[in-house]
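> give me a model of this one.
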Amino acid sequence: MKRSMKRRLVAIFASMLLITISVICLANIVLLPSFYQSNKVSQMQGVYSRIINICHDIDWKSVDETKKDEVYDKLDALTSNTNVSIYIVQIRAYPGSGDIAELEYVYPGDTERLQQVTKTQLSKYVKSIYFGESLGDNCQMMNETPNYAMYKVYDDRVDSSFIELTGKMPDDYWVYLRCNYQSIQESASVTNQFMTYVGIVVVIAGIFIMFFVSNQYTKPILKLAAHAQDMQRLNFSTRYTDNRDDEIGVLGNSMNALSDKLEETISELKTANNELQLDLQRRSEQEQMRQEFLANVSHELKTPIALIQGYAEGLQENINDDSESREFYCEVIVDEADKMNKMVKKLLNLNQLEFGNGQVHLEHFDLNSVIQSVVNSSEILFRQKEVTLSYQPSDTPLMVWADEYMIEEVVSNYVSNALNHVKNEKKIEIKTVQNGDHICTSVFNTGDSIPEEDLDKIWTKFYKVDKARTREYGGNGIGLSIVKAVMDAHNQKFGVRNYDNGVEFWFELDRKSVD
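The predicted model follows:
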């Protein structure tokens with residue numbers, strides 16, 4: 001990724017640490033000395049007040065040693081706790097000069113050298129207080145009250161700065177406090193150096209911590225991104241499974257709900273689209289069937305109508321005066337009208353079966369009697385065509401469940417189709433075979449086989465394998481379509497088989513009633 005959130009989080013965190021450490025160091029350099037100085041001033045003022053409280057009723061000349069030790073212990077404790085040097089001295093000055101004539105240390109006892117340094121420094125303050133003399137460039141007044149004055153002093157002798165307080169006490173006693181000011185600059189420098197080292201360690205540690213912390217947020221976000229990509233590819237099987245109670249968990253649950261809703265909606269859309277395509281396909285097929293039906297019906301009716309019209313016009317115009325010719329004309333008209341009537345009836349019957357208007361009335365009947373009835377009605381045709389029929393009815397009744405009228409129509413169409421196509425030995429064989437819960441009925445005729453490419457087409461309305469031969473016997477290609485419609489309505493199997501010497505048509509019926 002060009003802009004990784006993890007890298008951005010780490011960079012922001014590291015930048016914040018660096019900025020924080022830099023601000024702290026800058027504050028140490030710029031603000032800490034002033035703050036420290038103000039704090040020291042307040043501290044030394046407090047020390048001065050406490051010394052006055054400790055020594056306010058002490059007469060240093062007449063105090064006994066026990067009391068003096070007690071006061072010294074308190075002053076020692078104050079020195080240790082505040083890190084401020086405390087000097088209590090008695091000063092006697094030369095009249096009119098301001099010079100110190102005599103300096104006596106009350107607290108603490110000190111060496112002559114320390115006394116001289118203290119005497120020199122105090123002389124400056126005494127002259128400044130009494131005569132207003134300048135303290136010099138190394139000494140700056142910081143605060144002054146009627147009882148004490150505070151100075152910021154640079155001591156050339158030790159090359160260091162100090163904060164000093166000089167205050168009056170009763171009976172010409174003075175208190176002198178001194179605190180090293182140079183240490184604050186060193187402290188600031190040391191603090192900055194320390195903060196730099198600590199900052200480097202903190203930044204490095206923070207980067208590793210932020211990598212770990214950012215992973216807790218970027219990993220689930222990447223999972224959500226992968227989940228979204230799966231949804232984009234219409235793969236709704238993936239789920240966000242992390243159990244989180246934060247905003248990312250809420251987003252993951254929302255995406256899961258969205259995935260389920262999208263899957264459901266797309267499934268409904270696909271189903272609706274599939275149904276629409278099937279409906280369009282059915283409409284297209286129905287339109288094509290309607291056009292083919294009209295064309296075929298027109299073709300089938302054209303010949304008999306033309307014959308009826310021609311012979312009727314002949315009778316009208318008395319082309320032949322003899323009664324025998326008129327009788328022939330009338331027979332042709334009646335025969336063609338009968339053919340048209342039968343075809344129309346078959347078409348109406350087929351239309352009812354195909355569109356579900358023809359109700360199947362299941363009844364329990366003997367299949368032998370139906371087959372025998374068809375054979376008896378066709379006996380004259382067998383004799384006219386010199387066909388040898390082979391049919392041996394079963395000794396026991398063949399009870400089946402079906403619509404007796406429709407099954408009779410199937411057997412009649414099979415027998416009629418066999419009579420129309422029988423050739424060679426002119427044999428027709430009708431058989432019934434029990435096969436478990438079904439009875440298979442077959443009608444075989446000797447003659448030419450049906451081409452393999454036409455086996456699936458012979459069940460289509462008006463389809464004729466040999467059009468010249470169908471014209472000879474007046475076939476219209478509807479009979480086998482009625483067989484298909486009847487067997488589909490019964491939800492039973494049917495078909496045709498080719499043999500070397502002929503063709504066999506068959507169908508099955510249930511022996512048991514439907515549960």
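> rest of the way, CA atoms for contacts and neighbours
Will do.
> ok, Glu504 touching Val496?
Yes: Glu504 is within contact range of Val496, at 5.7 Å (criterion: Cα atoms under 8 Å).
> more neighbours, those two?
Glu504 (20 against 16; other Cα atoms under 10 Å).
> the residue lying closest to the more buried one once chain neighbours are set aside: which element?
Excluding its sequence neighbours, the residue lying closest to Glu504 (Cα to Cα, 6 or more residues apart in numbering) is Phe444, at 4.1 Å. For Phe444, the element it lies in under DSSP states H and E is strand 438-446.
> so what strands line up beside that strand?
strand 427-435 (antiparallel), strand 502-510 (antiparallel) (DSSP bridges).
> among those, which comes closest to Asp69?
Counting by Cα to Cα, Asp69 lies closest to strand 502-510 out of the strands paired with strand 438-446; the figure is 132.8 Å.
> neighbouring contacts of that closest one?
Outside strand 502-510, the residues that touch it by Cα atoms under 8 Å, 6 or more residues apart in numbering are 400-402, 414, 437-450, 487, 492-498.
> same check on stretch 229-248?
Here stretch 229-248 has contacts from 220-221, 223-224, 227, 249-250, 252-253, 255-256, 259-260, 263, using Cα under 8 Å, 6+ apart.
> just the closest of these to Ser22, please.
Of all the contacts of stretch 229-248, Ile221 has the smallest distance to Ser22: 33.7 Å, by Cα to Cα.
> excluding chain neighbours, what is closest to the closest one?
Ile221 sits nearest to Ile248 (Cα to Cα, 6+ apart), 7.5 Å away.
> what about Lys168, neighbour count?
Number of residues near Lys168 (other Cα under 10 Å) recorded here: 19.
> need the contact list for it.
By Cα under 8 Å, 6+ apart, the neighbours of Lys168 are 147-148, 174-175.
> how close does it sit to Val203?
According to Cα to Cα, to the nearest Å, Lys168 stands 54 Å off from Val203.
> repeat for Ile308
The gap separating Ile308 from Val203 is 111 Å, by Cα to Cα.
> please apply the same query to Ala27.
19 Å.
> between the two, which has more neighbouring residues?
Comparing Ala27 with Val203 by neighbour count (other Cα under 10 Å), the higher total belongs to Val203, at 19 against 14.
> quick check: the more buried one vs Lys219, distance?
23 Å.
> can you check Gln229 too?
In terms of Cα to Cα, Gln229 sits 15 Å off from Lys219.
> could you do Asn501 as well?
Distance, Asn501 to Lys219, by Cα to Cα: 78 Å.
> repeat that for Glu313.
For Glu313, the distance to Lys219 - Cα to Cα - is 96 Å.
> the helix or strand in which Arg7 is found - contacts with which helices or strands?
In this assignment (DSSP H and E), Arg7 forms part of helix 5-30. With contacts taken as 3 or more Cα pairs under 8 Å, 6 or more residues apart in numbering; DSSP states H and E, helix 5-30 sits against helix 182-232.
> so what angle separates the directions of whichever helix or strand comes after the helix it packs on and helix 182-232?
Reading on from helix 182-232 to the C-terminus, the next helix or strand found by DSSP H and E is helix 247-316. For helix 247-316 against helix 182-232, the angle by axes from the mean of the first three to the mean of the last three Cα atoms, to 10 degrees is 20 degrees.
> ok, how many other residues are close to Met199?
Just so we're on the same page, residue 199 is Gly rather than Met. There are 19 residues near Gly199, going by other Cα under 10 Å.
> brain fart, Asn445
31.
> residue contacts, it?
With contact taken as Cα under 8 Å, 6+ apart, Asn445 is in contact with 418-419, 421-423, 426-429, 502-504.
> once you drop chain neighbours, what's closest to Thr441?
What sits nearest to Thr441 in space, not counting adjacent residues and going by Cα to Cα, 6+ apart, is Thr432, at 4.5 Å.
> tell me, how many residues neighbour Val483?
24.
> Ile91 and Ala149, how far apart?
Relative to Ala149, and taking Cα to Cα, Ile91 is found at 16 Å.
> neighbour count for those two, which is higher?
Just comparing Ile91 and Ala149: by other Cα under 10 Å the higher neighbour count belongs to Ile91, 21 against 18.
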